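K.L.:
just the structure for this:
(2 chains)
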Amino acid sequence: MCINPIYLKRTAGLKKQFSANKPYPHLVLGNFFTKEIDKVAEGLLKEDFHEQNSDLFQFQQTDDCKNAKNANLKAFYKYFSSKEVLNFISSITGIKLKSIDMSCFIYDDTDYLLPHDDRLSGRKIAYVIQLGDNFTENDGGALQLFKGKEIVKSIPPRYNTLTIFKVSPKSLHQVQEVIDKRRISLAGWFHG
Amino acid sequence: MADLNPAYDDETIALAKAHLKREGSVQLNEILSHKALRSFQNLKWKHSYYPLKFSLHYSKPPRVWKEFQTLVSKLIGRKVQCGMWCIAMLPGDYSVLYDSLKPGKGFIFMFDLTSLEESCGGYTVFMKGDEEVVRIVPKSNSFTIVNQSGLKVFHKYLNHRARHPRIFLCGVALAK
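P.N.:
Numbers count the residues shown, from 1 in each chain, chains lettered A, B, ... in the order given. This next block holds a predicted model:
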């Protein structure tokens, strides 16, 4: 398992891009992992998912992948929480990162996550790794970033794309309601 | 109360009052006459949107609001002061239990003009701490009153399966 070498050679450029992106620092990196990610995408579906339903959201989620049953997913967790990855993300974001948490998420038809900013003690960088089908605009499921009340960026799910953003009072975002599709992702936070 | 369904006579209201006192909520179905229902046509809506709190459409209530004030007064058994407004939830609308939301006081009542399947969302949930205590699933021409003392309320996200908006009159009643 490895990050696509193209990205490993471009940390300075990515750092500039991360800081410059609006409405708050973020990056969307397509084709992010090497081919082995396909096995993780298969493996995560074998995990136990729990329905999550509240005023703020509706989706299915696993427990932390640290305790994953599937060997490929467990190996991926180990890699993604390794010094190699932490140092890479730190070098892009300029924030010293020490650990991660990670869960698998499935959003089916009508599932959603309403606007929130992710702020909680220790969370520095939020991330999402899309591991399902590519979505079109009509499928919903986009990660949407706000500036004030306005949605200023929509990031539709695309397979093997890593999205990261800086957690701050400005990092208001939501996951648009999914329309007749299945959105599969790994997501969590890098902690400082 | 000329606009109320005549089936709600003093005896029936007294039973509803006792139920409200005992259970903390009561729902009265087929509450308004057909003529009174027409007063909800041609409302003008204004979208109010605070992403971290709610997305809802508001309108001034039609003249039947006075009937509801009288009804609420009878159900509570005291004179009340009411604030009322009409709300339309379109697909994508919601309200959440945001951080600074305070627990309710007095009674809250809702008169629904539309019915919706629960799977569409758009229903109203009352929470006591982490526990759900009352859920109002929209049912056309139904009136629900809840003693909301100490409760927090949210309106579940209305999803794309809903074929029409949820339209309801909502009011808060405080005893004078």
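
K.L.:
end to end, how far does stretch B:47-59 reach?
P.N.:
Start and end residues of stretch B:47-59 are separated by 9 Å (CA to CA, to the nearest Å).

K.L.:
do that stretch and chain A meet?
P.N.:
Yes: counting by CB under 8 Å from any CB of the partner chain, contacts between stretch B:47-59 and chain A involve B:49-52. All C-beta spots, glycine's among them, are computed from the backbone N, C-alpha and C.

K.L.:
point me to the helix or strand that includes residue A:129.
P.N.:
Element membership of residue A:129 [criterion: DSSP states H and E] is strand A:123-130.

K.L.:
which residues does the most centrally placed residue in chain B bridge with?
P.N.:
What sits nearest the mean C-alpha location of chain B, by CA atoms, centre = their mean, is residue B:110, with 1.4 Å. As for beta bridges, residue B:110 partners with residue B:144, residue B:170 under DSSP bridges.

K.L.:
is it in contact with residue B:136, as I believe?
P.N.:
Yes: here residue B:110 reaches residue B:136: they are 6.0 Å apart, a contact under CB atoms under 8 Å.

K.L.:
list residues touching both of those two?
P.N.:
Taking CB atoms under 8 Å, 6 or more residues apart in numbering or on different chains as the contact rule, residue B:110 and residue B:136 both touch B:124, B:144.

K.L.:
rewinding a little: ok, residues contacting the strand holding residue A:129?
P.N.:
With CB under 8 Å, 6+ apart as the test, strand A:123-130 has contacts from A:32-33, A:89, A:93, A:95, A:97, A:118, A:143, A:157-167, A:171, A:183-192.

K.L.:
and with 7 Å instead?
P.N.:
Residues outside strand A:123-130 that contact it (CB atoms under 7 Å, 6 or more residues apart in numbering or on different chains) are A:89, A:93, A:95, A:97, A:118, A:143, A:157-159, A:161-167, A:185-192.

K.L.:
direction included, what does that strand pair against?
P.N.:
Strand A:123-130 sits in its sheet next to strand A:161-166 (antiparallel), strand A:183-191 (antiparallel), going by DSSP bridges.

K.L.:
beyond the helix or strand bottoming out on mean pLDDT in chain B, next helix or strand please.
P.N.:
Ranked by mean pLDDT, DSSP states H and E, the weakest helix or strand in chain B is helix B:34-37, scoring a mean of 86. The helix or strand immediately downstream of helix B:34-37 is strand B:46-50, counting by DSSP H and E.

K.L.:
after that next one, which helix or strand is next?
P.N.:
Next in sequence after strand B:46-50, counting helices and strands by DSSP H and E, comes strand B:54-59.

K.L.:
how far does that following strand sit from its chain's centre?
P.N.:
Chain-centre distance of strand B:54-59: 14 Å, with CA atoms, centre = their mean, to the nearest Å.

K.L.:
next one: stretch B:124-134
P.N.:
With CA atoms, centre = their mean, you get 15 Å for stretch B:124-134.

K.L.:
picking that back up, who's in contact with the residue nearest to the centre of chain B?
P.N.:
Residues in contact with residue B:110 (CB under 7 Å, 6+ apart) are B:124, B:136, B:144, B:168, B:170.
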